[in-house]
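J.: Just need the structure, nothing else, for what follows:
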Amino acid sequence: MAISEVKICNLALRKLGARLIESLSDSSQEAVTCNLFYEQVRDAVLRDHPWNFAASRCRLAKLAQAPAFGFSFQYQVPVDCIHLRQLNRSDDEFVVEGDKILTNVDSAFAIYTGKVTNPVLFDSSFVMAFAARLAAEIADDITGSSTKAREMWTLYLNAMQSARLADSAEGREDEILNDPWLEARGISGIDSPVWRA
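T.: Purely as a prediction, here's the structure:
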């Protein structure tokens, strides 16, 4: 069966031991809570990792007015951009300010994470990470248990670690040894238990 918004929500609810839903428009607490968090959590998980399935490339639209200082050019952020990964070359300097990209690169192209909303296009690793993050975010509302929420956050971090490994085997090598978010939770580097045989 094809993946859907309801199926992702039910994966999250199952992890919490909660009742499953038939539709996001149900009046149950589970459906209302999933509906409230779904889009924000999806976009947060898209931002947390440079997913191959969500990668997009485009020529950026240069704006007529240059930045007041610091950079020579400014461009419009693509409307579907969730996270700007790089410009023409990986070492091109840029900053994102509001809906503008400031850089010294003339005729800039961009690689970015696009806002993929169709669940059918989601990578299976993304689905598992998304469901775990959704479970973590809704755990308090659904179960009233902060312990369950912590368990789901751990599950999410593990799912993201697996996704990084899977994505790196598909043509791009992501930096996984010095991720400050994972280091703060004691799960990074080759000396981590995750990496030990």
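J.: Can you mark which positions in the longest helix belonging to the chain are buried?
T.: Counting by DSSP state H, the longest helix found in the chain is helix 146-168. By neighbour count with 16 or more other C-beta atoms under 10 Å, helix 146-168 contains the buried residues 148-149, 151-153, 155-157, 159-161, 163-164, 167. In this view, the C-beta of every residue, glycine as well, is placed from N, C-alpha and C.
J.: any chance of those residues in CSV, plus distance to residue 103?
T.: Shown next, in CSV, are the buried residues of helix 146-168 (distance: C-beta to C-beta, whole Å):
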residue, distance to residue 103
148, 44
149, 40
151, 42
152, 38
153, 35
155, 38
156, 33
157, 33
159, 34
160, 29
161, 32
163, 29
164, 27
167, 26
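J.: farthest pair in the residues you listed?
T.: Checked with C-beta to C-beta, the buried residues of helix 146-168 reach their widest spread between 148 and 167, with 28.3 Å between them.
J.: what's the host helix or strand of residue 84 packed up against?
T.: Using DSSP states H and E, residue 84 falls within strand 81-86. Contacts defined by 3 or more C-beta pairs under 8 Å, 6 or more residues apart in numbering; DSSP states H and E place strand 81-86 against helix 29-47, strand 109-114.
J.: Mean pLDDT and distance to residue 123 added to those, as CSV?
T.: Formatted as CSV, the helices and strands packed on strand 81-86 follow (pLDDT from 0 to 100; distance: least, C-beta to C-beta, whole Å):
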stretch, mean pLDDT, distance to residue 123
helix 29-47, 97, 11
strand 109-114, 97, 12
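J.: Highest mean neighbour count across the ones you listed, which stretch is it?
T.: Stretch with highest mean neighbour count among the helices and strands packed on strand 81-86: strand 109-114 (a mean of 20; mean count of other C-beta atoms under 10 Å).
J.: quick one on the thing from earlier: can you tell me the average pLDDT over the longest helix of the chain?
T.: Averaged across helix 146-168, pLDDT comes to 90.
J.: Could you do stretch 65-73 as well?
T.: 94.
J.: what about it, distance to the chain center?
T.: Stretch 65-73 sits 30 Å away from the centroid of its parent chain (C-alpha atoms, centre = their mean, to the nearest Å).
J.: buried sites along that stretch?
T.: For stretch 65-73, the neighbour count (16+ other C-beta under 10 Å) marks 71, 73 as buried.
J.: go on, stretch 113-122?
T.: Buried-residue list, stretch 113-122, by 16+ other C-beta under 10 Å: 113-116, 119, 122.
J.: Turn those into CSV, including distance to residue 73.
T.: Shown next, in CSV, are these (distance: C-beta to C-beta, whole Å):
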residue, distance to residue 73
113, 22
114, 22
115, 24
116, 28
119, 37
122, 34
